[in-house]
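Trainee: Below are the sequence and a predicted model for it; my questions follow.
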Amino acid sequence: MIKPIVMAATLVLSLFTAATAVAQVEYGRRGDDRRHDNDNRYGNNRDQVRCESKNYNYSRCNVDWREARLIRQTSNNECRKGRSWGVDRRGLWVDRGCGGVFAEVGGHHQGNAGGPWQPGSNWDRDIRFTCQSEDYRYKMCQVDTGRGGEVRIERQISDTRCVQNRNWGYNRAGVWVNGGCAAIFTVERRWR
């Protein structure tokens, strides 16, 4: 009776050890710098990056993209643009356990005169608006923050303390709030 239990425990331990070794090799192959994935499965394309939220934590991958798309999800958790991943002025970000291979969309566009595109006149103006998480739910308030723009809380209107990158944040698509955060926000929209 004891011999089958010992054999089963040995088998389970062997499988666990093998799985851990594979995971360590996979992590070591990627390295700590995940800005560019050099894995052949992704075509060695420097316009692609593997970015992952470890332990459900917010993480950032340094890219200078204006827009991205999810090529392949590598996590078990859902990757939803604007909620668990996105691109802002500081690069690609992932959160809530999202992991995947992302690619740049569009590249750097050039205007008709050969220079980079610039917004029209009267574009660099501040925008003031209210965004609030109702019933502690996630909400995205759409506003173009602009490349190089900044968002700040002008006045908090909720009892819940609003903490950036915890229950509020922003990207090029707008400002998001969650967990009861409500505030009057100011977007200092700039093009740099």
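Mentor: All right, it came through fine.

Trainee: how about the nearest residue to residue 142, chain neighbours excluded?
Mentor: Residue nearest to residue 142 in three dimensions, not counting chain neighbours: residue 174, with 4.1 Å by CB to CB, 6 or more residues apart in numbering. Heads up, the C-betas are built off the backbone N, CA and C, glycines and all.

Trainee: Revised request: answer the last question for residue 100.
Mentor: Nearest residue to residue 100 in three dimensions, chain neighbours excluded: residue 73, at 4.5 Å (CB to CB, 6+ apart).

Trainee: re earlier: how much space separates the residue nearest to residue 142 from residue 94?
Mentor: When CB to CB, to the nearest Å is the yardstick, residue 174 and residue 94 sit 18 Å from each other.

Trainee: one step back: residue 146 is in contact with the residue nearest to residue 142, correct?
Mentor: No: the pair residue 174 and residue 146 does not pass the contact test of CB atoms under 8 Å, sitting 11.3 Å apart.

Trainee: in the chain, what spans have low per-residue confidence?
Mentor: 1-46, 107-124, 147-148, 190-192 (pLDDT under 70).

Trainee: Can you report how many residues neighbour the residue nearest to residue 64 when sequence neighbours are not counted?
Mentor: Of all residues not flanking residue 64 in the chain, residue 91 sits nearest, at 7.2 Å (CB to CB, 6+ apart). If you count neighbours by other CB atoms under 10 Å, residue 91 ends up with 17.

Trainee: tell me the contacts of the residue lying closest to residue 74 once chain neighbours are set aside?
Mentor: Here the nearest residue to residue 74 in space, its sequence neighbours aside, is residue 99; by CB to CB, 6+ apart that works out to 4.5 Å. Remark: with contacts taken as CB atoms under 8 Å, 6 or more residues apart in numbering, residue 99 is in contact with 50, 51, 52, 53, 73, 74, 75, 77, 79.
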